[in-house]
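Q: generate a structure from the sequence data that follows.
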Amino acid sequence: MCAAVSLLEGLAIAAAGFGAGVVNGAAGGGSLVSFPVLLAIGHPAIVANVTSTVGIWPGYVGGVAGYRSAVAAQRDRVVRLLPAAVLGSAVGVVVLLSTPEDAFRAAAPWLILGASSLFAVQPLVARWVGDSDHRLLGPASPLLPFGVFLASIYGSYFGAGLGVILLALLGLFLGETMDRLNGLRGVIAMIVNCLALVLFALTAPVAWGAAGLMAVTSLPGGFTGARIARWLGPTWFRVVVVVFGVVAAARLLID
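A: All right, here's what the predicted structure looks like:
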């Protein structure tokens, strides 16, 4: 699907692509910027969702580039979690294309609120785990790839808030700095959305004109977002992510 857009619509789409890239580079959830814009322009929900996924994918690449040093030190973890991310992404695409539009639109804000709440309390849970005599949620736990599998299903199904979910999940299992967690989060999210992009391009009604505009602007947005997140530091970054998640969920509920 390739529909022409007006100059004003094109500017809005380009700005949404950059904004989505910034959010994806900083924390994930960039589709909360791009998806509503595509809806406002008049695209049906499924078209808006898959177009957003295809269009803002370069933003994930930019985000990973901004964390390249943190990612390079975790190659073994990326390899271990890769199968779970790929399989979960494929399942999510199948579920999305089999689900009525109203169903996933109704569920999205509640999923985002749950993810934001989990991310807010993650330091408390991680501290409890670290103080325990057992490490059921340690880095070697099989629950980690299973959690990535479930998160990846959601990521390709809708995607908004995937970064928050992954950050919370990884923080529960890995005793790492926020910088390293965010780098690993970015790689997993990029993998999930890469597979979703390919499957959507082959099987879904993508609005290619809008996707192309977003692709151009989301790449520099992603790199910018990664820099912003590292500049803010872990405490303020966590506050920004949680506030953003709550506001985005509220906006979707109102809409």
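Q: so where is the stretch 51-200 of the chain shaky, pLDDT-wise?
A: For the stretch 51-200 of the chain, the stretches with pLDDT under 70 are 119, 122-123, 125-137, 160-161.
Q: since we're on residue 246, how many residues are nearby?
A: 16 (other CB atoms under 10 Å). Heads up, the C-betas are built off the backbone N, CA and C, glycines and all.
Q: residue 158 versus the nearest residue to residue 139 once chain neighbours are set aside, what's the distance?
A: Spatial nearest neighbour of residue 139, excluding adjacent residues (CB to CB, 6 or more residues apart in numbering): residue 174 at 5.3 Å. Residue 174 sits at a distance of 25 Å from residue 158 (criterion: CB to CB, to the nearest Å).
Q: with neighbour numbers in mind, choose between those two.
A: The neighbour comparison of residue 174 against residue 158 (other CB under 10 Å) goes to residue 158, with 24 against 18.
Q: how about the contacts made by the more buried one?
A: By CB atoms under 8 Å, 6 or more residues apart in numbering, the residues touching residue 158 are 31, 49, 96, 104, 107, 108, 111.
Q: can I get these in CSV with distance to residue 153?
A: Output for those, formatted as CSV (distance: CB to CB, whole Å):
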residue, distance to residue 153
31, 15
49, 15
96, 10
104, 12
107, 13
108, 14
111, 11
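Q: select only the buried ones of the residues you listed in ChimeraX?
A: Per 16 or more other CB atoms under 10 Å, the buried members of the contacts of residue 158 correspond to this ChimeraX selection:
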select :31,49,96,104,108,111
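Q: if we can go back for a sec, so what's the residue nearest to residue 139 up against?
A: So residue 174 contacts 77, 139, 144, 180, 181, 184 (CB under 8 Å, 6+ apart).
Q: the fourth one against residue 77, yeah?
A: No. When contacts are counted by CB atoms under 8 Å, residue 180 is not listed as touching residue 77 (9.5 Å).
Q: got the contact list for the nearest residue to residue 223 once chain neighbours are set aside?
A: Of all residues not flanking residue 223 in the chain, residue 62 sits nearest, at 3.8 Å (CB to CB, 6+ apart). Neighbouring residues of residue 62 by CB under 8 Å, 6+ apart: 21, 25, 218, 219, 220, 221, 222, 223, 224, 225, 226.
Q: apply 10 Å and report the result again.
A: By CB atoms under 10 Å, 6 or more residues apart in numbering, the residues touching residue 62 are 21-22, 24-25, 186, 190, 218-227.
Q: just the ones of these in helices?
A: 21-22, 24-25, 186, 190, 218-227 (DSSP state H).
Q: distance check, residue 38 against residue 54.
A: Applying CB to CB to residue 38 and residue 54 gives a distance of 11 Å.
Q: now do the shared contacts for the two.
A: With CB under 10 Å, 6+ apart as the test, residue 38 and residue 54 both reach 207, 210, 211, 214.
Q: can you tell me which of these has the most neighbours?
A: Sorting these by how many neighbours each has (other CB under 10 Å) puts residue 214 first, at 35 neighbours.
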